[in-house]
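fold the stuff below for me.
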Amino acid sequence: MLDEKETLRLVRAAKEGDASAKEELLTHNTPLLKSIIRRYLNKGVEYDDLFELACMGMLKAISGFDESFGVRFSTYAVPMIAGEIKRFLRDDGSVKVSRALKKTCREINVYIERYTQEHGTQPAIKEIAADLSMEESEIVFALGSSHMPLSIYEETPHKDGNLQPIAERLISSDSPEEMFDRLLLKQAIEKLPEREKKIVFLRYFRDMTQSEVARLIGVSQVQISRIESRILTQFREELRS
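Below is the predicted model of the structure:
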């Protein structure tokens with residue numbers, strides 16, 4: 001563990017954007033992270049995932065620490081780290097990703113990295129599927145599962161650009177009209193061609209940007225925008241009819 005003087009020096013550097021300072025703080029505070037993680041073992045979440053959550057909590061502590069608090073950095077960091085883990089266990093702990101799916105995600109990421117280095121661009125879904133001898137739908141599902149679920153209390157940008165908790169944008173209960181609209185929407189999605197289903201899934205169920213979807217599908221961002229616009233127009237017409 002670092003002494004307090006060196007810790008504060010690294011915290012200041014990290015807050016100014018020094019990535020190596022953040023790395024050093026994480027490395028030297030690993031015993032602290034592990035001591036906190038031990039409290040949450042056997043809760044249905046793997047150790048590696050707990051360690052990643054602890055690191056996220058540590059980074060948030062680095063970002064939010066203010067020396068004027070008059071406390072040691074470790075005193076401030078411990079509840080931040082524990083809070084990150086408890087928030088995940090409370091909100092998202094029921095979401096489990098199998099070891100086989102995690103292995104597939106790693107294989108996909110290795111291929112994407114190798115392909116990108118060789119070609120200077122990311123591979124399309126069909127290229128990944130061909131290399132790994134998998135169905136394109138399996139690749140889409142695996143890539144989507146690799147995104148850590150958000151807490152409903154996580155603040156994300158709203159349409160007006162302001163941050164707002166996800167929970168405030170969730171519908172608390174569906175009226176009969178809303179349930180009917182959802183049914184119509186489901187039916188409309190099922191009618192779409194396979195490629196357009198993938199675009200809807202990635203854009204609205206995996207929260208990817210048009211550029212990210214374009215790279216995976218193997219088309220331009222402009223094409224994704226046009227396809228998405230056409231799909232939305234079609235959906236509106238079906239909901240009105």
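
show me the contacts for residue 73.
Residues in contact with residue 73 (C-beta atoms under 8 Å, 6 or more residues apart in numbering) are 4, 7-8, 11, 61, 65. Where C-beta positions appear, they are placed from N, C-alpha and C, glycine not excepted.

cool, residue 195 as well?
Contacts of residue 195 by C-beta under 8 Å, 6+ apart are residue 217.

buried ones in the host helix or strand of it?
Taking DSSP states H and E as the definition, residue 195 sits inside helix 194-200. Of the residues in helix 194-200, 196-200 count as buried by neighbour count, 16 or more other C-beta atoms under 10 Å.

what's the answer for stretch 213-220, then?
For stretch 213-220, by 16+ other C-beta under 10 Å, it's 213-217, 219.

swap in stretch 222-241?
224, 227-228, 231, 235.

what about these, which are in helices?
224, 227-228, 231, 235 (DSSP state H).

CSV please, covering those and showing distance to residue 76.
What follows is these, written out as CSV (distance: C-beta to C-beta, whole Å):
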residue, distance to residue 76
224, 43
227, 48
228, 44
231, 48
235, 48
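
rewinding a little: tell me which of the buried residues of stretch 213-220 is nearest to residue 127?
Nearest to residue 127 out of those is residue 216 (C-beta to C-beta; 9.9 Å).

can you give me the helices for this protein?
Using DSSP H, helices in the chain cover 4-15, 19-28, 30-37, 47-64, 73-91, 99-119, 125-132, 136-145, 176-191, 194-200, 210-217, 221-240.

quick one: contacts for residue 203?
Counting by C-beta under 8 Å, 6+ apart, residue 203 has contacts 210, 213, 228.

kindly apply the preceding question to residue 218 instead.
Contacts here follow C-beta under 8 Å, 6+ apart; on that basis residue 218 touches 123-127.
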